[in-house]
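Engineer: here is a sequence with its predicted model. Questions after.
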Amino acid sequence: MCVSQSIVFLLESIGTIAFAVTGVLVAVESKLDFFGIVFTGCITAVGGGISRDILLGNTPPAIFGKTLIIMIAIIVSVIAFLLLYIKKNLYLYRAKIEDINNFFDAVGLGVFSVMGAEVALTSGFENNFTLVIISGMVTGIGGGMIRDILTNSIPFVLRKYVYAVASLVGTLAFYFIKVYWGNLPVASVVGTLLIILIRLLAIKYRWRLPKIEIDK
């Protein structure tokens with residue numbers, strides 16, 4: 001495995017771990033059983049990549065050839081379940097769990113958004129600006145949307161703070177640095193960190209997009 005492949009694998013592993021944890025936390029809150037919790041953790045981790053590959057016409061999706069990544073998602077989901085199962089008085093830790101969930105979610109969003117845009121570039125769509133940006137955003141938010149649908153809630157991305165917009169801004173930064181400067185490592189680091197920073201600041205300062213409040 002060359003250096004670039006090792007870096008990609010490391011980033012993918014980080015994103016997989018991050019999103020698997022968020023999936024498990026949401027599934028536990030939704031009172032799913034063991035299988036439901038582990039399945040939700042796994043689909044949160046890989047769902048964005050599957051959605052992206054379908055969008056790009058890469059079938060079957062690449063994740064089905066990455067046994068190690070799937071195993072990481074399963075193992076992390078099982079470990080997270082066991083840790084939460086031991087702490088049965090979950091309500092007492094709700095605030096801390098929310099903080100952990102938000103942090104891991106921001107990391108996963110940053111890593112997978114940039115990776116999704118990079119996959120679109122390497123798939124020959126460098127001149128299709130819209131497709132590259134959408135591919136990045138879909139990779140970043142797709143798993144979380146599937147998670148929320150499975151747990152019967154309005155997708156987080158459509159109602160809470162600045163989420164998809166953070167993915168969009170970071171993906172744009174990645175695209176322009178990569179295409180016009182040609183420096184992939186810098187583009188990846190800047191795009192990922194920008195997304196994470198925006199998400200964490202949005203959570204801390206409760207940044208929200210405008211919405212319409214209907215007086216009933």
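Structural biologist: Sure thing, it's come through. Numbers count the residues shown, from 1 in each chain.

Engineer: shaky segments in the protein?
Structural biologist: Counting by pLDDT under 70, the chain shows low-confidence ranges at 1-4, 88-94, 160, 216.

Engineer: show me where it has its helices.
Structural biologist: Assigned by DSSP state H, the chain shows helices spanning 3-29, 34-56, 67-86, 94-120, 129-150, 164-181, 184-205.

Engineer: looking at these, which is nearest to residue 156?
Structural biologist: helix 129-150 (5.6 Å; C-beta to C-beta). Placement of C-beta: from N, CA and C, glycine included.

Engineer: hang on, the earlier thing: switch the helices of the chain over to CSV; also include mean neighbour count and distance to residue 211.
Structural biologist: Formatted as CSV, the helices of the chain follow (neighbours: other C-beta atoms under 10 Å; distance: least, C-beta to C-beta, whole Å):
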stretch, mean neighbour count, distance to residue 211
helix 3-29, 21, 22
helix 34-56, 23, 24
helix 67-86, 16, 32
helix 94-120, 22, 20
helix 129-150, 23, 17
helix 164-181, 20, 13
helix 184-205, 19, 15
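
Engineer: which one is residue 77 nearest to, not counting chain neighbours?
Structural biologist: Closest residue to residue 77 apart from its sequence neighbours, by C-beta to C-beta, 6 or more residues apart in numbering: residue 41 at 3.1 Å.

Engineer: pretty sure the one you found sits against residue 28.
Structural biologist: No - taking contacts as C-beta atoms under 8 Å, residue 41 lies outside contact range of residue 28: 9.7 Å.

Engineer: shared neighbours of these two, which are they?
Structural biologist: Here residue 41 and residue 28 have residue 81 as joint contacts, going by C-beta atoms under 8 Å, 6 or more residues apart in numbering.

Engineer: burial count for residue 59?
Structural biologist: As a burial measure, residue 59 scores 10 neighbours (other C-beta atoms under 10 Å).

Engineer: enumerate every residue touching it.
Structural biologist: Counting by C-beta under 8 Å, 6+ apart, residue 59 makes contact with residue 53.

Engineer: what of residue 183?
Structural biologist: Contacts of residue 183 by C-beta under 8 Å, 6+ apart are residue 177.
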